[in-house]
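Peer 1: For reference, the sequence and a predicted model appear below.
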Amino acid sequence: MRISRNVSVVLAAAFLCGPVVGAELETDAQKLGYIIGMDIGNSLKQQNTDIDIDTLIEALRATYSGGELAMTPEEAQAIREEFVASRQAEAQAERDTMAAANAAEGDQFMLENRVKEGVVVTDSGLQYKVVEMGDGPQPAATDRVTVHYRGTLLNGQEFDSSYSRNQPATFQLDQVIPGWTEGVQLMPVGSKFMFYIPPNLGYGEAGGGPIGPNSTLIFEVELLGVE
């Protein structure tokens, strides 16, 4: 478990204030100690780490008072490193499982979606459907475009939307995900398209924020203008 230097100082401060369980908080030191203890408790709870509070307090007392410790600093570091490595391995295993599940779900969706009426498949694997065809100019990859858009996962969860912000987005077309760079170039200004973007044209294995690894994405995009 990683505990920052600031948290370590806070733990020491909490110990110095002394136990007040079941007692009234009368002095400023007691009140401050209790507040800090609440903060520490919330921090440890959020880390979801199984620890023994009595042992934690025992270590605080022994360390601060110079008493005998149950392990050397070298032993403590070795245990800490082993614990961190174990947690990282668990997190990676969970991420790998999610990535595999997302990839399988996306493959199935794209396989079924490609034969639906109006869906066009490009050589890269991008799929799109024309909702409304405009009659303005089409952008090049190096152009700046202004769009309204809504992005969702396959389960319908919206992860981003300029409509929700009531503010169109403007960006250079070759500085976004490949699915957008390719797809928006197919749109004359005034068009609205649906894009179905596989992971290799989106955020890939890395994902980002609410977008999990190997996620297939659905975008509704309205091209408002080209600079």
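Peer 2: Perfect, I can see it now.
Peer 1: For the lengthiest helix in the chain, which helices and strands make contact with it?
Peer 2: Identified as the longest helix of the chain according to DSSP state H is helix 73-113. Packing contacts for helix 73-113, counted by 3 or more Cβ pairs under 8 Å, 6 or more residues apart in numbering; DSSP states H and E, involve strand 192-197. All C-beta spots, glycine's among them, are computed from the backbone N, C-alpha and C.
Peer 1: got the contact list for Val189?
Peer 2: Gly134, Gly136, Pro137, Gln138, Pro139, Leu223, Leu224, Gly225, Val226 (Cβ atoms under 8 Å, 6 or more residues apart in numbering).
Peer 1: Now do the SS call for the third one.
Peer 2: Assigned by DSSP: H, G, I helix; E, B strand; the rest coil, the conformation of Pro137 is coil.
Peer 1: quick revisit: of all the contacts of Val189, which comes closest to Gln77?
Peer 2: Nearest to Gln77 out of those is Pro139 (Cβ to Cβ; 55.5 Å).
Peer 1: which SS class is the nearest residue to Val221 once chain neighbours are set aside?
Peer 2: Once flanking residues are discounted, Val221 sits nearest to Tyr149: 4.7 Å by Cβ to Cβ, 6 or more residues apart in numbering. Tyr149 falls in the strand class when you classify it by three-state DSSP.
Peer 1: any idea how far Tyr149 is from Gly118?
Peer 2: 19 Å (Cβ to Cβ, to the nearest Å).
Peer 1: higher neighbour count, those two?
Peer 2: Each of Tyr149 and Gly118 has its neighbours counted (other Cβ atoms under 10 Å); Tyr149 has more, 20 against 9.
Peer 1: Toward the C-terminus, what is the element adjacent to the helix or strand of the chain with the lowest mean pLDDT?
Peer 2: Within the chain, judged by mean pLDDT, DSSP states H and E, the helix or strand with the poorest mean is helix 5-16; its value is a mean of 46. Proceeding N to C from helix 5-16, the next assigned helix or strand is helix 28-47, under DSSP states H and E.
Peer 1: so what does that next one touch, helix or strand wise?
Peer 2: helix 5-16.
Peer 1: on that earlier part again, pretty sure the residue nearest to Val221 is touching Phe219, no?
Peer 2: Yes: contact criterion Cβ atoms under 8 Å: Tyr149 and Phe219 qualify, at 5.8 Å.
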